[in-house]
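Visitor: any chance you could fold what I've pasted below:
(one chain, ligands or ions: 1)
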Amino acid sequence: MIKKPFLVINPKNYFNQKELYEMASIADKLAEEYNVTLILTGPFTELYNLKKKTKNILIASQHVDSVPEGTGMGKVSPKALKEIGVDVIVMNHAENRLYFSDIIAVVKECNDLNIDTVVCCDSILEAKALALLDPTVILCEPTELIGTGQTSDLSYVKETNKLIRSISPNILVEQAAGVKNYEDVYKIIKAGSDGTGATSAFVNAEDREALLREMIEAMIDAVKED
Ligand SMILES: O=C[C@H](O)COP(=O)(O)O
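Guide: Now for the predicted structure:
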């Protein structure tokens, strides 16, 4: 179960298998050391083994399909992910969008299966619509900022946090895109967000463990000072 504050390490397909397992082992060690919620996303092919090789982090699928029982050649259902022990399902990322009708079906199925969901959104209007579905987390991530090293304005962060909570106070709000260091994580959590995460920063880091430590410490400091 996702507890706030949380940090998502989202390597997409940038890591090879060796790098992914090295990252998993670093995250597993630091989650225990700092007693924080770390979520590592992985491609479908690695999720089973990531679950087997870690014990202190949450393992998330980077996508899921809406699959009517039994059909759906080549697709991957929430039920299949639940069966292999996946903790969290991320969906509707800017690089792998779902139809809104599929998001409705999948979030409901995940809620019934008791599996956490992170649903990505690109706009204030989309955040509003998604909040009605009661996912575990809404990830506010303006598409044009992904991979730029530039984060959302704090006004956008605060507005989306407030809007989502006004519709459903139990939804956790993650803010990401362009997050790269201590300062970015600190200001996002300090602005009242429940979590954040990054891709490019981890892909490009010379020392991934040092970067993860820095981000965890920022998250802890931001919460501590509240
Ligand atoms: O969810 C992760 C993102 O798409 C963020 O990407 P980025 O950290 O490279 O901007």
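Visitor: which ones are touching the residue most central in space within the chain?
Guide: Of all residues in the chain, the one closest to the mean position by C-alpha atoms, centre = their mean is residue 8, 4.8 Å from it. Residue 8 sits next to 38-41, 60, 118, 139, 174, 176, 195-198 when contact means C-beta atoms under 8 Å, 6 or more residues apart in numbering. The way it works is simple: take the backbone N, C-alpha and C, and place the C-beta from them, glycine included.
Visitor: which one of those is nearest the ligand?
Guide: Nearest to the ligand among these, counting by C-beta to the nearest ligand atom, is residue 198 at 4.0 Å.
Visitor: need the contact list for the closest residue to that closest one other than its chain neighbours.
Guide: Leaving aside its sequence neighbours, residue 198 sits nearest to residue 179 (C-beta to C-beta, 6 or more residues apart in numbering; 4.4 Å). Contact analysis of residue 179 by C-beta under 8 Å, 6+ apart lists 151, 185, 188, 196-198, 201, 215.
Visitor: as CSV, the contacts of residue 8 with secondary structure, pLDDT and distance to the ligand would be great.
Guide: Below are the contacts of residue 8 laid out as CSV (DSSP: H, G, I helix; E, B strand; the rest coil; pLDDT from 0 to 100; distance: C-beta to the nearest ligand atom, whole Å):
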residue, secondary structure, pLDDT, distance to the ligand
38, strand, 98, 14
39, strand, 99, 11
40, strand, 99, 12
41, strand, 98, 8
60, strand, 98, 11
118, strand, 98, 9
139, strand, 98, 7
174, strand, 98, 9
176, strand, 98, 5
195, strand, 98, 11
196, strand, 98, 9
197, strand, 98, 5
198, strand, 98, 4
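Visitor: can I have the buried ones of the residues you listed as a ChimeraX selection?
Guide: Of the contacts of residue 8, the buried ones go into a single ChimeraX selection, burial set by 16 or more other C-beta atoms under 10 Å:
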select :38,39,40,41,60,118,139,174,176,195,196,197,198
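Visitor: list phi and psi for the spatially closest residue to residue 183 that is not a sequence neighbour.
Guide: Using C-beta to C-beta, 6+ apart and skipping the chain neighbours, the partner closest in space to residue 183 is residue 218 (7.4 Å). The phi and psi values for residue 218, taken as degrees, to the nearest 10, are phi -60, psi -40.
Visitor: next up, the contacts around residue 218.
Guide: Residue 218 neighbours (C-beta under 8 Å, 6+ apart): 181-186, 189.
Visitor: rerun that using 6 Å as the cut-off
Guide: Shown in contact with residue 218 (C-beta atoms under 6 Å, 6 or more residues apart in numbering): 182, 185-186.
Visitor: ok, residue 200 next?
Guide: Here residue 200 is in contact with residue 147 (criterion: C-beta under 6 Å, 6+ apart).
Visitor: hmm, back to that, helix or strand: which one has the residue nearest to the centre of the chain?
Guide: According to DSSP states H and E, residue 8 maps onto strand 6-9.
Visitor: what's the closest non-adjacent residue to residue 151?
Guide: In this structure, residue 151 finds its nearest non-sequential neighbour in residue 178, 4.3 Å apart by C-beta to C-beta, 6+ apart.
Visitor: I'd say the one you found and residue 149 touch.
Guide: Yes. If you go by C-beta atoms under 6 Å, residue 178 and residue 149 touch, sitting 5.3 Å apart.
Visitor: out of those two, which sits in the busier spot?
Guide: The neighbour comparison of residue 178 against residue 149 (other C-beta atoms under 10 Å) goes to residue 178, with 20 against 14.
Visitor: just to be sure, that one is in a strand?
Guide: No. Counting by DSSP: H, G, I helix; E, B strand; the rest coil, residue 178 falls outside a strand, being coil.
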